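1. Here is my input, please return the structure:
(4 chains, ligands or ions: 2)
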Amino acid sequence: MPRIVVDVMPKPEILDPQGKAIAGALPRIGLTGFASVRQGKRFELSVDGEVTEQILEQAHQAAATLLSNPVIEDVTRVEVIEEDAS
Amino acid sequence: MPRIVVDVMPKPEILDPQGKAIAGALPRIGLTGFASVRQGKRFELSVDGEVTEQILEQAHQAAATLLSNPVIEDVTRVEVIEEDAS
Amino acid sequence: MTSTSIETPLIGDVQPSTSGDADGPLSEVRVGVVTFPGSLDDRDAMRAVTLAGGSAVRLWHGDHDLQDVDAVIIPGGFSYGDYLRAGAISRFAPLMEQITAAASGGTDALPVLGICNGFQVLTEAHLLPGSMIKNNHLHFLCRDQRLRVENADTHWTGEYWAGEEVVIPLKNQDGQFVADNRTLDELEGEGRVVFRYVDENPNGSRRNIAGISNTAGNVVGLMPHPEHAVEAGFGPDSSAREDVGLRGGTDGLGVFTSVLRKLVG
Amino acid sequence: MTAEAMARKFNIDSVANAAATPGQELPWAELGLTEDEYRRIEEILGRRPTGAELAMYSVMWSEHCSYKSSKVHLRQFGDKVTDAMKKHLLVGIGENAGVVDIGDGWAVTFKVESHNHPSFVEPYQGAATGVGGIVRDIISMGARPVAIMDPLRFGAIDHPDTARLVHGIVAGIGGYGNSLGLPNIGGEVVFDSVYQGNPLVNALAVGVLRHEDIRLANASGEGNRVVLFGARTGGDGIGGASVLASESFDSSKPSKRPAVQVGDPFAEKVLIECCLELFKASVVEGIQDLGAAGISCATSELASNGDGGMHVELTNVLLRDPSLTPGEILMSESQERMMAVVTPENVEAFETIMDRWAVEYSWLGEVTGTGRLVIEWDGETIVDVDPRTVAHHGPVYERPYHRPAWLDGVQADAFDAERAGDLRAAVLELMASPNMCSKDWVTDQFDRYVQGNTALAMPDDAGVIRVDEETGLGVAVSTDANGRYSYLDPYEGARLALAEAYRNVATSGAEPLAVSDCLNFGSPEDPEVMWQFAETVRGLADACQELGVPVTGGNVSLYNQTGGVAVHPTPVVGVLGVFDDVARRTPSGWREDGQAVYLLGTTADELDGSEWANLRGHLGGRPPALDLATEKTLAAILVNCSRDGMIDAAHDLSEGGLAAALSEMALRFGVGARIGLDELCERDRIDAFTALFSETQSRAVVAVPRSEEVRYNDMCTARNFPTLRIGVVDTENQALDVQGYFNLPLDQLREAHQGTLPRHFG
Ligand SMILES: Nc1ncnc2c1ncn2[C@@H]1O[C@H](COP(=O)(O)OP(=O)(O)O)[C@@H](O)[C@H]1O
Ligand SMILES: [Mg+2]
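-> Ligands and ions are numbered 1, 2, ... in the order given. The predicted model follows:
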């Protein structure tokens, strides 16, 4: 079944407490290679049948309205993937 | 600054209450093109300088131990991205 | 740094004089309660230990020393904020390594109780199987919950009888217990389902599971909060045992007396 | 210095530069200042302000921080306080929160604040950071926060935008409060279309401390060090002032500044523990939370409350966003930050505690004896002001006000419509209505257990928290407001709000001691709104004096107005009471079979502004009459009954009248009662409908054990207070049986009462 992936990330200027907590924990388990971490969301919308233009448009709409909160988040990707893993 | 992206999705056999809620809400706003929705997490780990083999290895380790819980989640991607948007 | 140095001026500071067994043998039993920076019900767990007659010992997540405690409680809260997954980061705390080592190794191993977030920490640390995901209704839910004690032979349930029902407050957002079917069958088959929701499943947990144990029975985790049903006047409005009225429920006390009795033999 | 910082350094507007370029006009209007205000700043400084100074003055002189429209009225809270009222007051109005002596060396601090507008823009984060802000006020007094409450007001329940706000705001309050380990012990949920574009999100926090632990926000002692700790500073809350993003005020270079603040409850939880440890170790001399106006507020208030001088190096501030300019850093409202004053000897001890909790901190400067607040940016002076001119000598407006012409017409339009023939259906309709229905759907999302000291919480009349585990000493708090009453008569509305909160606290058995308030209004530039405000303050101050309970602090929220439509004047009043032992608190439901049900007080035909009139779409007439001497006697009786064990349950009568009180008492523990109205109707010369739905004040229903009836009646007689036996608790019959009128099975009543919110919000 084809899927449309929507990635949503906290806006860069917005505080990301989740990313901050992870960035704080990484060195404690010996992983010191990272300067910062941000945590966002990834949605996979499955489509029954073919991904038409119209469905892709729906995905864009969903991304902008339901899946992201434009006040604090950016939609960074809306993309069709056909294979099983991305 | 280069970033390593880690995607984590709920295991297919695990019920995903958030994805289910979204799937239920989409038709209510007129978006009927989707069969199901799953919500996962997307992490962006920023690296100061170059992404060495060793840092990428750290990212894999972080993904497997801290960023995902193998009982309920799969790591679906660990990948370097150089550009600003993914 | 020692754990005594993190003492803060507490309203809920445990008053030893309220202990039911101030000088008895139970008071010799030292039960450690771990405080993570985001722990919330740690003082409540200490109060529960004291009310049950034991001696509560404060343990600090960053320490490496278990201070010779006889049992450990990992209390509720949001250990490190829990933005990632409940318990995900706490698992790596220095003290958790000590606890994990001491808790593995048969019936004589260290008794460990994980309540709510503590239960999540125990699953993340692989001391208990399965995991917790968001409640099926996606809300935080605080309510007085009826449970059945399915296994009265663990270190933490000896004071109950199998099949006994209790009323204990439940409060969480990520309380839906999940595991694959093989694990669930194994838990059922070995009698390791310790608590089960009755009347209504509050969060979609598989097979109505509210709490489980390891094979030896020394490690138990449960989502509801027995430490909030130990003192008449400050507990739930009801009890499965008697007619108690306003906040009179104390059905959770047995969890704490169980481990004390078990340890004094 | 990094290249970026270098570049910025050349852009900054120093005092020397300001003096050298007197003709350069800064964008005062964009920062919300009036021309007069700007000229006044020039006059104070004797030159034009620097960009950083302008930033400071503009936020500190804003309505929100300076109370410039409300100040002249709020003085009454101080002027009308008598010595007797001050008896329990350890810290009064003016500090972060008032502190009340509750005996045995214990003190309690509490305060209610608003976060209305941010919650409309981003409901979850707006409400969450509202809780975060009020909790920091409590910490900064030296107290451990022990409880929160959340009075909320939304638009019409079926408006399409209401669900978004309800879901976000309730989850935000829970998300933040639950993660701090603070029990939520009460609040309000009101739906009214006047709040459609302006929901009210008020939050109250209670803290507990020993007398000797009181901390104040002042910076004294020359040479003492000033430290900022907690979260890093980002561009939060300066969105509207993005003109500052370039200090050269070249608006062609827009910068990205967050539109909303995001809270980090974990950071705040750590901050709480870490502050309490600082207090215990006695390593801070003065402390201030950072809320509105951020560092501007903290430095200028600390300095002007102390010796008056402070020197700060602003480049020391730890930043989340390195592109911030000095002015923006001063204005930033990033959450979860505190500022403290520490003696040089205690610096090391301070740092040890910070390290233990992994809290970031930066030493910004020190207290001086110069009387000036001097802020430098890498050695260049960018602020040099008398801190009092920033913090305390802001503009004060005597805004014009007049009684609205429409009010006469509204007051003349008394409710004389339907008096429902079918009382049973009317009770069901009332109890299922948006304002009277069960709030469980909301309150089940809040942790009421944590800390183990909650003796009463939702749905009882007041939240009750044990303070001392040895003695049971504790406090009760209730918050109330009725916007419709205030709309009909703002003076009376304020008195009624106080009376209800006071009555709720007394109903739980506690002795009312002190008041905090949050005054939510429309635009002060509208003379009619300003009149409502003036009348409200006058009414509240008068009523406080009459009841002998002082206002210890609070908050004013103006401009709750969209287009020409203002919200109803909504003075949310919180009353705090004290218990010698919380074990004797009175629940709001009866349980024992055969206990006598008594009504205290008399009932008149007062349906104007009532919930019943509201259900019929009517708002007119005058709110119920209120006699505070009667109210005081009622409270004394209720407290006495609790103290002497004369009653087992009590519930005050307010919105929804007797019908609501009886329904709620029966549903509390699922125990029915048989009620007779005839004697009541005869005594008070009213019909059964009025008996059930009138909202006459100063009434309560109590359940009296048989063995106590004589004593109870004697006491009421001795105090000359009317009471009437109206029924009996009946455990056999699972119903509210109003004899001669209807029999309402509790299952049916419960279904109606509990179904409403889940039906609308899932
Ligand atoms: N937003 C809220 N948060 C917490 N508790 C609430 C909230 N709204 C209502 N409650 C609680 O629900 C109960 C019923 O509310 P209400 O009928 O307004 O009380 P009252 O009329 O006694 O002021 C009270 O205990 C009140 O504190
Ligand atoms: Mg009430």
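2. So in chain D, which helix runs the longest?
-> For chain D, the longest helix by residue count, based on DSSP state H, is helix D:527-547.
3. biggest strand in chain A by residues?
-> Secondary structure of chain A per DSSP state E: the longest strand is strand A:36-46.
4. coming back round to it: what are the buried residues along the longest helix of chain D?
-> By neighbour count with 16 or more other C-beta atoms under 10 Å in any protein chain shown, helix D:527-547 contains the buried residues D:528-547. The C-beta positions use only the backbone N, C-alpha and C, and glycine is treated the same way.
5. Name the residues that touch the helix or strand following the longest strand of chain A?
-> Counting by DSSP states H and E, the element after strand A:36-46 in chain order, helix or strand, is helix A:53-62. Applying C-beta atoms under 8 Å, 6 or more residues apart in numbering or on different chains, the contact partners of helix A:53-62 are A:4, A:6, A:45, A:47, A:78, A:80, B:26, B:29, B:31-34.
6. What's the mean pLDDT across helix A:53-62?
-> Average pLDDT, helix A:53-62: 94.
7. What residues of the helix or strand harbouring C:Thr257 count as buried?
-> Assigned by DSSP H and E, C:Thr257 falls within helix C:253-264. Residues of helix C:253-264 classed as buried: C:253-263 (neighbour count, 16+ other C-beta under 10 Å).
8. want to try a markdown table for those residues, with pLDDT and distance to chain D as columns?
-> Listed next are these as a markdown table, based on pLDDT from 0 to 100; distance: C-beta to the nearest C-beta, whole Å:
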| residue | pLDDT | distance to chain D |
| --- | --- | --- |
| C:Leu253 | 97 | 13 |
| C:Gly254 | 97 | 17 |
| C:Val255 | 98 | 15 |
| C:Phe256 | 98 | 13 |
| C:Thr257 | 97 | 17 |
| C:Ser258 | 97 | 20 |
| C:Val259 | 97 | 19 |
| C:Leu260 | 97 | 19 |
| C:Arg261 | 95 | 23 |
| C:Lys262 | 95 | 24 |
| C:Leu263 | 94 | 24 |
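9. Looking at those, spot the one nearest D:Ala217.
-> C:Phe256 (42.3 Å; C-beta to C-beta).
10. near chain B at all, the lowest-mean-pLDDT helix or strand in chain A?
-> Least confident helix or strand of chain A, by mean pLDDT, DSSP states H and E, is helix A:17-25 with a mean of 90. Yes. Legend: contact between helix A:17-25 and chain B by C-beta under 8 Å from any C-beta of the partner chain is shown at A:19, A:22, A:25.
11. Pop out the phi and psi values for the closest residue to D:Pro624 other than its chain neighbours.
-> Of all residues not flanking D:Pro624 in the chain, D:Glu606 sits nearest, at 4.2 Å (C-beta to C-beta, 6 or more residues apart in numbering or on different chains). Main-chain dihedrals, D:Glu606, degrees, to the nearest 10: phi -130, psi 90.
12. Return the residues in contact with D:Glu606.
-> Neighbouring residues of D:Glu606 by C-beta under 8 Å, 6+ apart: D:624-625, D:694-696.
13. make it 6 Å
-> D:Glu606 makes contact with D:624, D:694-696, according to C-beta atoms under 6 Å, 6 or more residues apart in numbering or on different chains.
14. which residues sit against stretch D:121-132?
-> Residues external to stretch D:121-132 that are found in contact with it (C-beta under 6 Å, 6+ apart): A:71, D:115, D:118-119, D:165, D:168-169, D:171-173, D:175-177, D:201, D:203, D:260-263, D:268, D:335.
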